[in-house]
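K.L.:
coordinates for the following, if possible.
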Amino acid sequence: MSRLLKFNIFRFNPEDNLSEPHMEEFVLEEADSMTLFVALNRIREEQDPSLQFDFCCRAGICGSCGMVINGRPGLACHTKTKDLPGEITLLPLPVYKLVGDLSVDTGSWFREMYTKTESWIHTEKVFDPNAEEERMDNQKAVEIYELERCVECGCCVAACATSRLREDFMGAAGLNRVARFLVDPRDQRTDDDYYEIVGNDMGIFGCMGLLACEDVCPKHLPLQNQLGFLRRKMGITSLKKIFKK
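P.N.:
Model (predicted):
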C-alpha cells in the first residue's frame, strides 16, 4: 500500500503586498519511483496552481529545481520520495533573491560571479576562423571537462556558511570556475592575475573549509580538491609577493 506524504511547503509572493511568509501543508499519495519534481507538479496540477517552483529538464542537467529538502539543498528531480520520510519540508534556497515560494533567481548571482571571476579565456592570440582547432593534451582536457560539469544549481552556495554570512563571497561555484581557467593552457593569465581575483576574503581565503558544498553537489564535483588546490596556489603566490618586497 502506498504512503500518504505530507508536504510542508514555504509560501510567499514578494510581489504581493498582502502575502506573508508561511508554511502550507499538502497531502499526496506516493507513486512508484516518484521524485519531488513529479510530486510538486502533481500538487500544482491537482491542488494549487499558484505554487511556484522552477524546473526545465527534469534530468539533473539544467539545475533549475534546486531547493532545501528537509534541511539539505538538493535537486527536486534527483530526489525520490521513497528515500525521504513521510513528512517532507521544502524551502527555497537561501542566499539568492526570492522570486516566490520555492523559486529563486540564481541567474543574477551567477552572472555577477562570472563577471567577478572574468570567466573567459584571456589570450593575446588573434582568432583565425580558418585555422585548425588548437590541440590539447587529453588528460588536461579531461581535467577541464570535470570542472565544467557544474549545472549552476546553486546548491553549493546555499549550503556554504560563508555565503550565508557574506554577500560578496564567491562560493564554491565561483572558486571552481577560477580553477577551471587556471588549469586551462589557453588562458595566459599569471598566478598574480588570479591572485587579484581570488586571493582575498571574498575568494579562497574566505572559505572556512567546512566542505558542505561538496556534500550537497548533485554532480559530485571534486570541490574539496579544487579548493585545496586554489588555497595552496594562492598561498604560495602570497608568500612570493611578501618576499619580493
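
K.L.:
got the contact list for the residue nearest the centre of the chain?
P.N.:
Nearest to the mean C-alpha position of the chain, by CA atoms, centre = their mean, lies residue 154 at 2.4 Å. Neighbouring residues of residue 154 by CB atoms under 8 Å, 6 or more residues apart in numbering: 63, 66, 73, 93, 95-96, 104, 106, 109-110, 173. Using the backbone N, CA and C atoms, a C-beta is placed for each residue, glycine as well.

K.L.:
and the closest residue to residue 36 other than its chain neighbours, what pLDDT?
P.N.:
With CB to CB, 6 or more residues apart in numbering as the criterion, residue 36 has its nearest non-adjacent residue at 3.8 Å, and that residue is residue 76. Looking at residue 76, its pLDDT is 97.

K.L.:
residue contacts, residue 76?
P.N.:
Here residue 76 is in contact with 35-37, 40, 53, 55, 65-67, 69 (criterion: CB under 8 Å, 6+ apart).

K.L.:
and those as CSV, adding neighbour count?
P.N.:
Output for the contacts of residue 76, formatted as CSV (neighbours: other CB atoms under 10 Å):
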residue, neighbour count
35, 20
36, 25
37, 22
40, 25
53, 24
55, 15
65, 26
66, 31
67, 28
69, 20
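
K.L.:
closest to residue 206 among those?
P.N.:
Nearest to residue 206 among the contacts of residue 76: residue 66, at 22.2 Å, using CB to CB.

K.L.:
was I right to think the closest one contacts residue 106?
P.N.:
Yes: using CB atoms under 8 Å, residue 66 makes contact with residue 106 at a distance of 7.1 Å.

K.L.:
which neighbours do those two have in common?
P.N.:
In contact with both residue 66 and residue 106: 93, 153-154, using CB under 8 Å, 6+ apart.

K.L.:
for those residues, which one is nearest residue 24?
P.N.:
Residue 24 has its nearest neighbour among the shared contacts of residue 66 and residue 106 in residue 93, at 18.3 Å by CB to CB.

K.L.:
mean confidence for the biggest helix by length in the chain?
P.N.:
Criterion DSSP state H: the longest helix present in the chain is helix 223-244. Throughout helix 223-244, pLDDT has a mean value of 91.

K.L.:
now for it, which elements pack on it?
P.N.:
In terms of contacts (3 or more CB pairs under 8 Å, 6 or more residues apart in numbering; DSSP states H and E), helix 223-244 is packed against helix 171-182, helix 191-198, helix 212-216.
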